[in-house]
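**Student:** Build me a structure from this.
(chains A, B, C and D)
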Protein chains: 2
Amino acid sequence: MEFKEAKNKFVQTWGALGSQWGINKTMAQIHALLMVSHEPVSMEDIMEELQISRGNASMNLRALMDWGIVYKEYKAGERREFFTAEKDLDELAVKISRERSKREIKPALKVLKEVSTIKSDGTEAERHFVDQTTKLYDFVLKADNVLDKITEYKDNWLAKLVVKIMK
Amino acid sequence: MEFKEAKNKFVQTWGALGSQWGINKTMAQIHALLMVSHEPVSMEDIMEELQISRGNASMNLRALMDWGIVYKEYKAGERREFFTAEKDLDELAVKISRERSKREIKPALKVLKEVSTIKSDGTEAERHFVDQTTKLYDFVLKADNVLDKITEYKDNWLAKLVVKIMK
DNA sequence: ACAAACTTTCATTTTTTTTTGAAACTTTAA
DNA sequence: TTAAAGTTTCAAAAAAAAATGAAAGTTTGT
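**Tutor:** Okay, the predicted model is just below:
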């Protein structure tokens, strides 16, 4: 396989994977492109390589920076801005976990707590509802905490986790 | 909060969470509804409660059964089919993990392996590409294996994991 | 073997999400 | 202070995903 072909395949695959996990395709593709680029890339080049509009590039770069996984860089003597991706995978996974926890899990937990604490009048339906949502709340909270704990190791957390669970 | 209100809120929230993670809203809502129902529910009732069409209900119930997290039930003396959700959360998480690994992670790994093994001609760009995709392959493979290992405990795996990583 | 009761399929429509592109805005250098 | 070089915003358009509903299919009781 040619380098260019391989790069394109990687970008497409990463984009598809993003879609399946609720991240928009272009955002994932830009991220993929920056991940495998050995030097900072301009917006111009991103537009060109992915065949997307300026607006689309701008918005998704902003989103990636909000996630904390893409950085702006300034080159000496250059007017335009360049972009790089977080390339350390442990760090990348930590940042994605933290963001998704903050944006999606925590708000869901809040609702779970609310609905699991209604006063049940004691019909079987209500008792089951309270019981099940309480269990769900406990489960999600525990999972969220575990994720937090794991990624706290920061440096090489995945390798450390492997060691922990194998023994 | 009223029971009915709480139930509705839960279903809506679970549906929104599903969307954010790449699962279609209705599919997540049906799952939510079945999770908190103390007895099997007919397609008729699902349509009524979620205000969706027969076709939609049918297709998403099929999808949920393909995932192995919703079951068909037959009631004695009843022509129609009823549906229940897997209510054990450890089991639910295991099934979702396995399916997503099989459908999404494994195929992505295959591509990562392909693109990371091109013969680099030694330009800096190519060396970086091979290096980065190799690291990504190793990382994703390791993460996938960890998930597999964790969920192998099956019974109460989350609680067991908590114990493991805390000490 | 028939028809009633029920479920599935899939072409079409609707809704939602993403993308575009042009105008507004910002920054820098002369 | 101006204009050139660049970036951001957002209303409108396009694309993608999901939902509808009617026809086809299946099952069961008589």
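**Student:** Residue A:154 in helix, strand or coil?
**Tutor:** What DSSP: H, G, I helix; E, B strand; the rest coil gives for residue A:154 is coil.
**Student:** What is the burial count for the nearest residue to residue A:125 once chain neighbours are set aside?
**Tutor:** Take residue A:125 and drop its neighbours on the chain: the residue closest to it by CB to CB, 6 or more residues apart in numbering or on different chains is residue B:38, 5.3 Å away. C-beta here means a position set from N, CA and C on the backbone, and glycine is covered the same way. If you count neighbours by other CB atoms under 10 Å in any protein chain shown, residue B:38 ends up with 16.
**Student:** Now do the contacts for residue B:38.
**Tutor:** A:124, A:125, A:127, A:128, A:129 (CB atoms under 8 Å, 6 or more residues apart in numbering or on different chains).
**Student:** Tell me the one of these nearest DNA strand D?
**Tutor:** Distances from DNA strand D to those, taken as CB to the nearest atom of the strand, are shortest for residue A:129 (23.2 Å).
**Student:** now the helix or strand that contains the closest one against helix B:124-152, angle please.
**Tutor:** In the assignment (DSSP states H and E), residue A:129 maps to helix A:124-152. On the basis of axes from the mean of the first three to the mean of the last three CA atoms, to 10 degrees, helix A:124-152 is oriented at 140 degrees to helix B:124-152.
**Student:** could you say what helices and strands helix A:124-152 packs with?
**Tutor:** helix A:89-100, helix A:106-116, helix A:157-166, helix B:3-20, helix B:89-100, helix B:157-166 (3 or more CB pairs under 8 Å, 6 or more residues apart in numbering or on different chains; DSSP states H and E).
**Student:** Which among the ones you listed is found nearest to residue B:112?
**Tutor:** helix A:89-100 (12.0 Å; CB to CB).
**Student:** for the closest one, which positions count as buried?
**Tutor:** For helix A:89-100, burial by neighbour count (16 or more other CB atoms under 10 Å in any protein chain shown) applies to A:89, A:90, A:91, A:92, A:93, A:94, A:95, A:96, A:97, A:100.
**Student:** So for stretch A:3-11, what gets flagged as buried?
**Tutor:** For stretch A:3-11, the neighbour count (16+ other CB under 10 Å) marks A:3, A:6, A:7, A:9, A:10, A:11 as buried.
**Student:** Now flag whichever of those is closest to DNA strand D.
**Tutor:** Nearest to DNA strand D among the buried residues of stretch A:3-11: residue A:11, at 15.2 Å, using CB to the nearest atom of the strand.
**Student:** Pull up the gap between the closest residue to that closest one other than its chain neighbours and residue A:69, please.
**Tutor:** The shortest distance from residue A:11 to any non-neighbouring residue, by CB to CB, 6+ apart, is to residue A:32 (4.5 Å). From residue A:32 across to residue A:69, the span is 12 Å (CB to CB, to the nearest Å).
**Student:** Which one's more surrounded, the two?
**Tutor:** Using other CB under 10 Å as the criterion, residue A:32 and residue A:69 rank with residue A:32 on top: 23 against 20.
**Student:** element containing the more buried one, please.
**Tutor:** Assigned by DSSP H and E, residue A:32 belongs to helix A:25-35.
**Student:** could you check whether that helix is close to DNA strand C?
**Tutor:** Yes. Applying CB under 7 Å from any atom of the strand, one finds helix A:25-35 touching DNA strand C at A:25, A:26, A:27.
**Student:** what would those look like in TSV with pLDDT?
**Tutor:** Listed next are the residues of helix A:25-35 next to DNA strand C as TSV, based on pLDDT from 0 to 100:
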residue	pLDDT
A:25	97
A:26	98
A:27	98
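**Student:** Turn the buried ones among those residues into a named ChimeraX selection, would you?
**Tutor:** Selecting only the buried entries of those in ChimeraX, with 16+ other CB under 10 Å as the criterion:
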select /A:25,26,27
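**Student:** Now do the contacts for residue A:83.
**Tutor:** A:34, A:40, A:41, A:42, A:43, A:46, A:61, A:70, A:71, A:72, A:73.
**Student:** Was I right to think the first one contacts residue A:45?
**Tutor:** So that's residue A:34. No. Taking CB atoms under 8 Å as the definition, residue A:34 is not a contact partner of residue A:45, at 10.4 Å.
**Student:** residues touching whichever residue of chain A sits closest to DNA strand D, list them.
**Tutor:** Chain A approaches DNA strand D most closely through residue A:55 (3.1 Å), counting by CB to the nearest atom of the strand. Under the criterion of CB under 8 Å, 6+ apart, residue A:55 has no contact partners.
**Student:** okay, the residue nearest to residue A:11: pLDDT?
**Tutor:** Note on residue A:32: pLDDT of 98.
**Student:** how close does it get to residue A:79?
**Tutor:** Taking CB to CB as the measure, residue A:32 falls 27 Å from residue A:79.
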